[in-house]
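**Q** sequence? don't have it. structure:
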């Protein structure tokens, strides 16, 4: 049985303030938890009901398993229909990004993405296309938010999400800086070369003016029809797909 | 003031059964409603609060405007924060699709898409890339569902969504049938020609086996990283983007 203080700690991790204070976040469901096993993340504990089989985690190291009741699971879960197991995982401190870390590859930069569903989908897209780093402005939605963790379906275990002052970072980076903007070059005719960062802006306002000033090449997805805009996760997918196409072999 | 029976009718349109019975659906918010003005849709009425300015609709024809109280708006809205105006719009009966309607263009075929957010995003993607028709299996989520209407941000006014027996339709169509499948040809190396249908499958199960048999070319988005799958709306966007790139000019 869980102590009251443990239940209260785990529940508090649904809020960013307490995630930062305690240094933990929650991952729900056996399938997503399994993605974190063997990853660089530290799994503090897995709370599970009697229905859960630890075998699905394919554990090679010992982890702290703690059986709880369905009622307890419901108390700590953020889901309407909790799924057998919830892991308490340490929020990692990735080494801070600089020019050397970013060179020789493509990375995503998110300037003020707000919607947890978009954020989760973008992490999943990065994982599909082998993009290892997402660098976010400080006001971008927290990647350890339960809705983001849910939406990215375990991809967070492989994609490193950083929060930093974008202005400062981009000021130090000597790489191509591609920005998803209106009236830029046609994405299909753009030579992305073999390295750079791709900036995607906020859902309503796009990329902030001061960050736009750091863009060395504005890029646009040509519109054939009449929709006013594309969702930011959709636009991110098309950028990643184009880069993947052009850099393949 | 709205009669009780009118409130009850409008509220009932949140359910598919009653949308089909009455032949109407709701569009919320001045911006989305404006997209339906001048479209092939019949606007039965716009219910709005005193804050709403009909000017935003840029009306060229007379429509039935009905001022209501904020309390009444809240009663008929499906949103947590209702937005000044709700339109009651007739569900159109598009001419049924056949070979002649489908030839000479690209159309999307959805086999059992369930999530309203995905459906709305797909309609918006189709609108961006100038795809005029989406043909859905009967069990695909209803395009007039309030969450779909909300997610597609007015694009439903331009993209025609059809529901039909896919097996029967695809049996009659003599066009390339592209299917988003695992182990298909590399999408970047595929010649899509200048016409065809693109089938996207259900979120969990993909394209049904009997529909897969109608696919003339299986297509895959190559995976570089490790995500298990891409969200269906993301995959749809990459298909539309590739076709757009290859058929430009």
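**A** Great, that's in hand. None of these values were measured; they are calculated from a predicted model.
**Q** Mark out where each domain of chain A begins and ends.
**A** A:4-90, A:99-247 (automatic domain parsing).
**Q** For the longest one, measure first residue to last.
**A** Going back to what we said before, that points to domain A:99-247. End-to-end distance for domain A:99-247: 21 Å, by CA to CA, to the nearest Å.
**Q** Please apply the same query to the shortest one.
**A** The distance separating the two terminal residues of domain A:4-90, taken as CA to CA, comes to 21 Å.
**Q** now swap in stretch A:19-31 and tell me
**A** Start-to-end, stretch A:19-31 (CA to CA) is 22 Å.
**Q** buried ones in the longest helix belonging to chain A?
**A** The longest helix of chain A (DSSP state H) is helix A:232-247. If you call a residue buried by 16 or more other CB atoms under 10 Å in any protein chain shown, then helix A:232-247 has these buried ones: A:232-245, A:247. The C-beta positions use only the backbone N, C-alpha and C, and glycine is treated the same way.
**Q** Check pLDDT for those residues and point me to the minimum.
**A** Least confident by pLDDT among those: that is residue A:247, with 91.
**Q** so who does it touch?
**A** Residues near residue A:247 by CB atoms under 8 Å, 6 or more residues apart in numbering or on different chains: A:106, A:192, A:194.
**Q** Now which of those would you call buried?
**A** Among the contacts of residue A:247, the ones that count as buried (16+ other CB under 10 Å) are A:106, A:192.
**Q** Looking at the contacts of residue A:247, which is nearest chain B?
**A** residue A:106 (10.6 Å; CB to the nearest CB).
**Q** Pull up the residues of chain A that are close to chain B.
**A** By the rule CB under 8 Å from any CB of the partner chain, the part of chain A lying against chain B is A:117, A:121, A:124-131, A:153-155, A:158, A:188, A:221-228, A:230-231, A:233-234, A:237-238, A:241-242, A:244-245, A:248.
**Q** Only the buried subset of these, as a PyMOL command please.
**A** To isolate the buried ones among the residues of chain A next to chain B in PyMOL, judged by 16+ other CB under 10 Å, type:
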select buried, chain A and resi 117+121+124+125+126+127+128+129+130+131+153+154+155+158+188+221+223+225+227+230+231+233+234+237+238+241+242+244+245
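**Q** ok, back up a step: which ones among the contacts of residue A:247 are found in strands?
**A** Judged by DSSP state E, the contacts of residue A:247 include residue A:106 as members of strands.
**Q** could you say what helices and strands the longest strand seen in chain A packs with?
**A** Longest strand of chain A, by residue count under DSSP E: strand A:177-186. Contact here means 3 or more CB pairs under 8 Å, 6 or more residues apart in numbering or on different chains; DSSP states H and E; on that basis strand A:177-186 packs against strand A:196-201, helix A:209-212, strand A:217-220, helix A:232-247.
**Q** now the longest helix of chain A against helix B:232-247, angle please.
**A** Here helix A:232-247 runs at an angle of 50 degrees relative to helix B:232-247 (axes from the mean of the first three to the mean of the last three CA atoms, to 10 degrees).
**Q** Any idea how far helix A:232-247 is from the middle of the chain?
**A** Distance of helix A:232-247 from the chain centroid (CA atoms, centre = their mean, to the nearest Å) equals 16 Å.
**Q** what do you get for stretch A:123-140?
**A** Its chain's C-alpha centre and that of stretch A:123-140 lie 5 Å apart, by CA atoms, centre = their mean.
**Q** leaving aside the residues next to it on the chain, what's closest to residue A:228?
**A** Distance criterion CB to CB, 6 or more residues apart in numbering or on different chains; nearest residue to residue A:228, sequence neighbours excluded, is residue B:153 at 7.1 Å.
**Q** Mind checking what secondary structure the one you found has?
**A** Residue B:153 falls in the coil class when you classify it by DSSP: H, G, I helix; E, B strand; the rest coil.
**Q** Residue A:21 now?
**A** helix.
**Q** Chain B versus that one, what's the distance?
**A** Using CB to the nearest CB, to the nearest Å, residue A:21 is found at 29 Å from chain B.
**Q** Also residue A:34?
**A** 11 Å.
**Q** can you map out the helices along chain A?
**A** A:4-12, A:16-22, A:30-36, A:70-76, A:99-102, A:116-128, A:146-151, A:166-172, A:209-212, A:232-247.
**Q** tell me what the first one is packed against?
**A** Pointing back at helix A:4-12 there. helix A:16-22, helix A:70-76.
**Q** what's the weakest-modelled helix or strand in chain A?
**A** None of the helices or strands of chain A scores lower by mean pLDDT, DSSP states H and E than helix A:99-102, at a mean of 91.
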